[in-house]
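> Need coordinates for the following:
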Amino acid sequence: MTEHEHVRVAVVGSGFGGLGAAVRLRREGVTDFVVLERASSVGGTWRDNSYPGCACDVPSHLYSFSFAPNPDWPRAFSGQEHIRAYLEHVADTFGLRPHIRFDSEVKLMRWDTEKLHWEIETTGGNLTADLVVSATGPLSDPKIPDIPGLDTFPGKVFHSARWDHDHDLRGERVAMIGTGASAIQIVPAIQPEVSRLTLFQRTPPWVMPRMDRAISGAERALHRALPFTTRLRRGLLWGIRELQVQAFTKRPDELGLVERLAKANMARAIKDPALRAKLTPDYRIGCKRILLSNTYYPALAQPNVDVVTGGLTEVRGSTLVAADGTETEADVIVFGTGFHVTDMPIAERVVGAEGRTLAETWKDGMAALRGATATGFPNWMTIIGPNTGLGNSSMILMIESQLNYLADYVRQLDVLGGRAALDPRPAAVDAWNTKVQQRMERTVWNTGGCTSWYLDPQGRNTTIWPGTTADFRGATRRVDLAEYQVLRPPAAGAGTGTAQRAEAGA
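Below you'll find the predicted structure:
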């Protein structure tokens, strides 16, 4: 990378969001862009998460781009290796590799108010860009809780997203911390080979059967021969999930039937009444993400597995102490404790027009216009931003909607002509987020009686979208210039200072 290279667009990250943005830019005729990737390969969370049993809980044909259908998915729910291979295929098929700068972690992005561009420092060199698309994703930076005495543990410690494949777990005593989507896949994958597995459970999840199966060769041949059948399959999967949204967002009481089905699923595998009581949630199903597994409960019923109903509170050498005082000896600690979602580390590295970081701006809660742009950060856009997450469907649908917004953002800058930047008006951001939070009030995520990673430290749900994916697509179809201030370079002789506000921003 040359020093102070300038590009029209810099995309940060090469997961689904970053690769999708790159494809969309190419389709809009924009070829002057780079994709900055901190690792040495593409894939994002599907590169980083390679733990035993790692797979997606969204059907394969829905968890892929509409513009890059894959007729050869091997299973109804694909494993990590298949999804990562798909992303590598997308990078190759759409000719993205010449644009990707590997081993280029973004250290700092600073807005230049006079030149109207972003100054970007990376581990691979420095550059400037007219527009930044941040696609780092909310599941990119693992979170390990601050446990007193953890540094005294003599054995191996790692997070599920940083799995140590060089360490052999056979015959060892393993402590699994957490009961989220990663943990329920790891537990049955490692249970047969470890001597003892202790699951530290703060809150039991609701678990439904996973309707997985191998996709037959005949089905795949049909999808290759008649591409519309792939689109039809995707459409049916999408429609079913759209119909489910009302129960999550407006009528949580209707989820009682789903709870009974989940309890029946547990009862089939867990015969011990005491263990069943430990594993039964006390909150409305859907408040936390509903997990899918056919093997989690059977694994917990095995004689070499213990379930501790309390979080890990202290480590004393090789002794782990739970909140209820239970003590457990372990050789390995695996943290399945999630990610920095409402406090994304990238926000510490983005400095806006007023010299404040995005983290400082969002210290009381994340807020972005249509989940994409933030006041004081001109020509900066995030993919999978605040209130764009889903509780029951595919995030690829939301990403593609945001790519529509990105495409129109680029078109609007072209129409404005010359050097220009768009900065969302505070009133527009406030109006959008007020509406989102009002819609959130009656959802199961806010009323279901749980504490989840969807909520920030203030208790606000700044993560989930309280509607259908069709609603979101309509809201992000185009950029409304009335919601933005248009910035122009300072007039000659005007001296230093902020850029002029013109056109829609006058």
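> residue boundaries of the strands in the stretch 401-506 of the chain?
Secondary structure of the stretch 401-506 of the chain (DSSP state E, counting those that start in this stretch): strands at 421-424, 484-488, 500-502.
> wait, which of these is closest to residue 195?
strand 421-424 (55.7 Å; Cβ to Cβ). All C-beta atoms are positioned from the backbone trio N, CA, C, and that covers glycine.
> List the strands paired with that closest one, with their directions.
strand 484-488 (antiparallel) (DSSP bridges).
> distance between the strand it pairs with and the chain's centre?
30 Å (Cα atoms, centre = their mean, to the nearest Å).
> And for stretch 455-473?
13 Å.
> Check what contacts that stretch and list those residues.
For stretch 455-473, contacts defined as Cβ atoms under 8 Å, 6 or more residues apart in numbering pick out 138, 238, 241-242, 245, 249, 341-343, 364-367, 371, 386-391, 393-394, 397-398, 400-401, 404, 436-437, 439-440, 443, 445-446, 453-454.
> coming back round to it: tell me which of the strands of the stretch 401-506 of the chain sits most buried.
strand 421-424 (a mean of 24; mean count of other Cβ atoms under 10 Å).
> tell me the average confidence for it?
Across strand 421-424, pLDDT averages out at 98.
> can you give me the helices for the stretch 301-450 of the chain?
358-361, 395-416, 426-440, 444-447 (DSSP state H, counting those that start in this stretch).
> helices or strands next to the second one in the packing?
Helices and strands touching helix 395-416, as assessed by 3 or more Cβ pairs under 8 Å, 6 or more residues apart in numbering; DSSP states H and E, comprise helix 16-27, strand 125-134, strand 380-382, strand 421-424, helix 469-475.
> and it, what's its mean pLDDT?
97.
> For residue 459, give me the pLDDT.
88.
> Count the residues that sit near it.
9 (other Cβ atoms under 10 Å).
> What's the separation between residue 109 and residue 385?
15 Å (Cβ to Cβ, to the nearest Å).
> and if you look at residue 304?
From residue 304 to residue 385 the distance is 43 Å (Cβ to Cβ).
> do residue 53 as well
In terms of Cβ to Cβ, residue 53 sits 30 Å off from residue 385.
> what about residue 474, how many residues close to it?
For residue 474, the neighbour count with other Cβ under 10 Å is 12.
> Residue numbering should commence at 404 henceforth.
Renumbered: residue one is now 404, and that last one reads residue 877.
> before we move on, back to that, save the strands of the stretch 804-909 of the chain as TSV, and put in distance to residue 575 too.
What follows is the strands of the stretch 804-909 of the chain, written out as TSV (distance: least, Cβ to Cβ, whole Å):
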stretch	distance to residue 575
strand 824-827	52
strand 887-891	56
strand 903-905	62
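> So which of residue 707 and residue 788 has more stuff around it?
Each of residue 707 and residue 788 has its neighbours counted (other Cβ under 10 Å); residue 788 has more, 25 against 14.
> Would you mind checking the average pLDDT for stretch 523-542?
In the prediction, stretch 523-542 has an average pLDDT of 95.
> now do stretch 677-687
On average, stretch 677-687 scores 97.
> now stretch 550-557
96.
> Could you tell me the end-to-end distance of that stretch?
15 Å (Cα to Cα, to the nearest Å).
> Buried residues, it. List them.
550, 553, 556 (16 or more other Cβ atoms under 10 Å).
> before we move on, what about stretch 481-496?
Buried residues in stretch 481-496 (16+ other Cβ under 10 Å): 481-483, 485-487, 489-491, 493-494.
> likewise stretch 495-507?
For stretch 495-507, by 16+ other Cβ under 10 Å, it's 497, 499, 502-504, 507.
> for residue 412, which residues make a bridge with it?
In beta-bridge terms (that is, DSSP bridges), residue 412 pairs with residue 436, residue 534.
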